[in-house]
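Trainee: here are the coordinates; sequence isn't available:
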């Protein structure tokens with residue numbers, strides 16, 4: 001995923017905070033926020049994840065006139081059949097196992113972020129019931145309009161190698 005332009009507006013921050021049920025006034029009340037150590041409205045910690053909506057190729061976002069992958073077991077518009085010998089994790093696209101953030105500074109209204117994703121480490125573990133578990137890491141760096149690093153996000157995905165009968 002590469003995000004060329006992710007403009008951060010106060011309304012984006014407010015709506016994101018509401019969508020995750022976080023009522024901290026630092027996400028919406030400028031007068032309150034000014035009196036805090038931070039001194040201004042800031043975005044919630046996981047706000048960078050909403051950058052996916054600024055990626056024109058984001059695979060989970062519906063696109064007009066196209067079948068949609070969705071995020072459920074039986075996704076809307078596309079029914080993917082498992083191929084012989086394919087692992088259950090690959091058939092389902094794997095699972096998002098972990099998400100970690102390193103914050104270099106707070107995200108504020110007026111920032112224009114860009115995000116660049118690169119592969120990280122890959123490793124395997126033997127599961128007790130699931131067979132081999134294959135982990136892969138992706139690292140996304142979010143930079144502001146001045147090229148300064150704001151957030152480093154590290155995601156870990158996992159899939160199984162063993163075929164699970166359904």
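Mentor: Happy to help now that I have it. Bear in mind the structure is a predicted one, so any value in this text is a computation, not a measurement. Residues are numbered from 1 along each chain as shown.
Trainee: And the longest helix anywhere in the chain, how far out from the chain middle?
Mentor: Counting by DSSP state H, the longest helix found in the chain is helix 10-19. Distance of helix 10-19 from its chain centroid, counting by Cα atoms, centre = their mean, to the nearest Å, is 16 Å.
Trainee: Now tell me what touches that helix from outside.
Mentor: With Cβ atoms under 8 Å, 6 or more residues apart in numbering as the test, helix 10-19 has contacts from 23-24, 27-28, 30, 41-44, 47, 50, 107, 109. (C-beta placed from N, C-alpha, C; glycine too.)
Trainee: And the next helix or strand past that helix?
Mentor: Later in the chain than helix 10-19, the nearest helix or strand by DSSP states H and E is helix 30-34.
Trainee: Give the buried residues for that following helix.
Mentor: Within helix 30-34, the residues scored as buried using 16 or more other Cβ atoms under 10 Å are residue 33.
Trainee: Just the buried ones from the contacts of helix 10-19, in ChimeraX syntax?
Mentor: This is how ChimeraX selects the buried members of the contacts of helix 10-19, with burial counted by 16+ other Cβ under 10 Å:
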select :27,28,41,42,43,44,47,50,107,109
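Trainee: any idea which of the contacts of helix 10-19 is the one closest to residue 141?
Mentor: Proximity of these to residue 141 (Cβ to Cβ) peaks at residue 107, which lies at 13.5 Å.
Trainee: Just confirm that closest one contacts residue 49, I think it does.
Mentor: No - Residue 107 is not in contact with residue 49 according to Cβ atoms under 8 Å; the separation is 11.6 Å.
Trainee: Which secondary structure elements does the longest strand anywhere in the chain sit against?
Mentor: What stands out as the longest strand in the chain, according to DSSP state E, is strand 112-127. Strand 112-127 is packed against strand 2-7, strand 131-143, strand 149-160, with contacts defined by 3 or more Cβ pairs under 8 Å, 6 or more residues apart in numbering; DSSP states H and E.
Trainee: C-terminal to the helix or strand of the chain with the lowest mean pLDDT, what's the next element?
Mentor: The weakest-scoring helix or strand in the chain, judged by mean pLDDT, DSSP states H and E, is helix 88-91 (a mean of 43). Going down the chain from helix 88-91, the next helix or strand is strand 95-103, by DSSP H and E.
Trainee: Residue 95 - nearest residue in space that isn't next to it in sequence?
Mentor: Nearest-residue entry for residue 95: residue 158, 5.4 Å, with adjacent residues in sequence omitted and distances by Cβ to Cβ, 6 or more residues apart in numbering.
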